[in-house]
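Based on what follows, work out the 3D shape:
(2 chains)
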Amino acid sequence: MKKHLTFAIAFAALGCGTAAYAQDDFTAQLKARQGQFRIMAINLGILGGMAQGKTEYNAEEAQAAADTLVAVSMIQQAPMWPAGSDDMAIEGTRAQPSIWEQNDDFLAKWGDFGTAALALQAAAAGGVEGLGPVMGQVGNACSACHDNHRAPAN
Amino acid sequence: MRRGLILGVVVLAAGAAAGSAVTRATPIDTTSLAGREGDAAKGETVFIAAGCASCHYAPDAEDDAKLILAGGQKFASDFGTFIAPNISMHPEAGIGDWTLEGFASAVKKGVSPEGQHYYPAFPYSSYVNMTDQDVVDLWAYWQTLPLDATPSQPHEIGFPFNIRRSVGVWKQLYVTEDWVLASADTPEIERGRYLVEALAHCGECHTPRDALGGLDRDDWLGGAPNPTGQGTIPSLRPDDLSWGPIEIAYYLETGFTPEFDSVGGHMVAVVENFAKLPETDRAAVAAYLKALP
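Purely as a prediction, here's the structure:
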């Protein structure tokens, strides 16, 4: 019982702390959304390395990478993009205000990534020849959104 | 900006002093076009490589609408904002009533059928090296493109840059047919040079400009501030760009960097074009970049 109470207090303190911090500069949300893009880049790297011939094609690894991309595409986005967490308002992000001003467009483009990820999932284990065109489709989905909604690097 | 203004006035005065010979808009010598047959299919490749649509489709156009060259995209610069005109085949709103000679003069000389200078936001200082056959093929392809009646908007340019004769002086100073990479040692590098320096006009954004907006060819592809005001456009010189040839070609195909970040900004349109070109063209660009001193 006592142990449970301590745990609850610790948990509450942790929760409050996170909430207070997040309200200030959205650190948690930035880490989460940038982290998901990092997971995407790592797994695209596995597939792209095979497509470029830098690494040997391996059906199982390709499938696992594509499955991971589909998993990322299913993460709900809204909680990671609170209003006021754009690059005009805070540091540490390249998210442009257009994400909120044209939110339907932003979410549609995120949906396009999901569609492309599913195509990659279907093609991944079918041989290296099939990877190239579908990687192009995923690349288009990424850049279509970055074209409008991400600020240039420094 | 102020320095640019003062220099602009000086150049304008110099132009006036030198007289009309310098500031005159000279159309192309048409003898080299005579007897050439246009091939629309080849012209499509020129159209894609030259990125014509990327600047001239309507703002926010998607998919097939990107072939409607209605104009309207805005391009900020130190001299004001240029607004891409309608260059669709519409006879009044666009360029549908032009001749091949008029089209070639516009593309390669920056001279309108009415004998006016175009501003160098239109990259004729790169297209000057477009081959005559490519211009003829491009015009043949143009005939297949849709019409659009959207009127062109005037550029938002103040004095003294709104005096088009002064562009004649600018052309004397900065437009040259000399290649930056003087010797292309293999056919692949030569093709890459044609793509980078002429058709795809990479230098227009990747090379820094001086106070009058001329390219600093001594720092060719050395990187420059982004004219949008946000960020910088990276250097592509061999000492700065660590990517290998395969990585450069893959970036132009898929938009993925070696770290599997993806392309953004105006470069998205460039990658979209390069993805449609043959693999050999993407490899040629990489070979050219690696051949730079």
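
Can you tell me the element residue 144 falls in?
Chain wasn't specified; assuming chain A. If you go by DSSP states H and E, residue A:144 is part of helix A:131-149.

That helix: how far from the chain's middle?
Here the centre of helix A:131-149 is set off from its chain's centre by 13 Å, with Cα atoms, centre = their mean, to the nearest Å.

what does stretch A:31-41 give?
With Cα atoms, centre = their mean, you get 4 Å for stretch A:31-41.

Name the next helix or strand following the helix of greatest length in chain A along the chain.
When chain A is parsed with DSSP state H, its longest helix is helix A:27-52. Per DSSP H and E, the first helix or strand lying C-terminal to helix A:27-52 is helix A:59-73.

tell me the domain boundaries of chain B?
What the record gives for chain B is the domain set B:2-174, B:187-291, from automatic domain parsing.

Pull out the buried positions in the helix holding residue A:144.
Buried residues in helix A:131-149, counted by 16 or more other Cβ atoms under 10 Å in any protein chain shown: A:131-132, A:134-149. Every residue, glycine included, has its C-beta placed from N, CA and C.

With just CA atoms, put it into CSV.
This file holds the C-alpha atoms of helix A:131-149, laid out as CSV (Å, rounded to 0.1, in the frame of the first residue of the first chain):
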residue,chain,number,x,y,z
LEU,A,131,12.0,-0.9,-54.1
GLY,A,132,13.1,1.9,-56.4
PRO,A,133,9.8,3.2,-57.8
VAL,A,134,8.1,2.9,-54.4
MET,A,135,10.9,4.7,-52.7
GLY,A,136,10.3,7.5,-55.2
GLN,A,137,6.6,7.6,-54.2
VAL,A,138,7.6,7.9,-50.5
GLY,A,139,10.1,10.6,-51.4
ASN,A,140,7.4,12.5,-53.2
ALA,A,141,5.1,12.3,-50.2
CYS,A,142,7.9,13.7,-47.9
SER,A,143,8.9,16.5,-50.2
ALA,A,144,5.3,17.5,-51.0
CYS,A,145,4.9,18.4,-47.4
HIS,A,146,8.4,19.9,-46.9
ASP,A,147,7.8,22.1,-49.9
ASN,A,148,5.1,24.0,-48.1
HIS,A,149,5.3,23.4,-44.4
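
name the helices or strands packed onto it?
Helices and strands touching helix A:131-149, by 3 or more Cβ pairs under 8 Å, 6 or more residues apart in numbering or on different chains; DSSP states H and E, are helix A:27-52, helix A:98-101, helix A:103-123, helix B:245-254, helix B:267-276.

residues from chain A in reach of chain B?
A:40-42, A:44-45, A:48, A:51-54, A:135-136, A:138-140, A:142-144, A:146-147, A:150-154 (Cβ under 8 Å from any Cβ of the partner chain).

residues contacting the residue of chain A found nearest chain B?
Nearest to chain B in chain A, going by Cβ to the nearest Cβ, is residue A:152, at a distance of 3.1 Å. By Cβ atoms under 8 Å, 6 or more residues apart in numbering or on different chains, the contact set of residue A:152 is A:94, B:226, B:228, B:230, B:231, B:232, B:264, B:265.

List only those of the residues you listed flagged as buried.
A:94, B:264, B:265.

one step back: return the member of the domains of chain B having the minimum mean pLDDT.
Comparing mean pLDDT across the domains of chain B, the lowest value falls on domain B:2-174: a mean of 89.

now it, how far from the chain's geometric center?
Relative to the centre of its chain, domain B:2-174 is centred 9 Å away, using Cα atoms, centre = their mean.

How about the residues of the stretch 101-250 of chain B by chain A?
So far as Cβ under 8 Å from any Cβ goes, the stretch 101-250 of chain B lies against chain A at B:226, B:228, B:230, B:231, B:232, B:246, B:247, B:250.

ok, residue B:165 touching residue B:23?
Yes - the pair residue B:165 / residue B:23 is scored as a contact, 4.2 Å apart, by Cβ atoms under 8 Å.

more neighbours, these two?
residue B:23 (21 against 16; other Cβ atoms under 10 Å in any protein chain shown).

Residue of chain B closest to chain A, please.
For chain B, Cβ to the nearest Cβ, closest residue to chain A: residue B:231, 3.1 Å.

Spatially, which residue comes closest to that residue, not counting chain neighbours?
Nearest residue to residue B:231 in three dimensions, chain neighbours excluded: residue A:152, at 3.1 Å (Cβ to Cβ, 6 or more residues apart in numbering or on different chains).

Ok, residue A:62 next?
Nearest one to residue A:62, counting by Cβ to Cβ, 6+ apart, is residue A:124 at 4.2 Å.

got the contact list for that neighbour?
Residue A:124 neighbours (Cβ under 8 Å, 6+ apart): A:47, A:59, A:62, A:63, A:65, A:66, A:67, A:131.

Please apply the same query to residue B:25.
B:109, B:110, B:111, B:112, B:115, B:116, B:117, B:168.

so the first one touches residue B:29, yeah?
No - under the criterion of Cβ under 8 Å, residue B:109 makes no contact with residue B:29, lying 9.4 Å away.

Now do the phi/psi pair for the residue of chain A closest to chain B.
Backbone geometry at residue A:152, expressed as degrees, to the nearest 10, gives phi -60, psi 150.

for residue B:74, same thing?
Torsion angles, degrees, to the nearest 10, at residue B:74: phi -100, psi 140.

can you check the one 3 residues further on too?
Taking degrees, to the nearest 10, you get phi -150, psi 180 for the backbone angles of residue B:77.

Hmm, residue B:213 and it touching each other?
Yes - counting by Cβ under 8 Å, residue B:77 does reach residue B:213; the two are 7.0 Å apart.

how distant is stretch B:214-227 from the center of its chain?
Using Cα atoms, centre = their mean, the offset of stretch B:214-227 from its chain centre is 14 Å.

so where's chain A shaky on pLDDT?
For chain A, applying pLDDT under 70 flags the ranges A:1-24, A:154.

on that earlier part again, which one of residue B:109 and residue B:29 has more residues nearby?
residue B:109 (20 against 11).

can you tell me which residues contact the more buried one?
So residue B:109 contacts B:25, B:26, B:27, B:28, B:124, B:128 (Cβ under 8 Å, 6+ apart).

Which among those count as buried?
By 16+ other Cβ under 10 Å, the contacts of residue B:109 give B:25, B:27, B:28, B:124, B:128 as buried.
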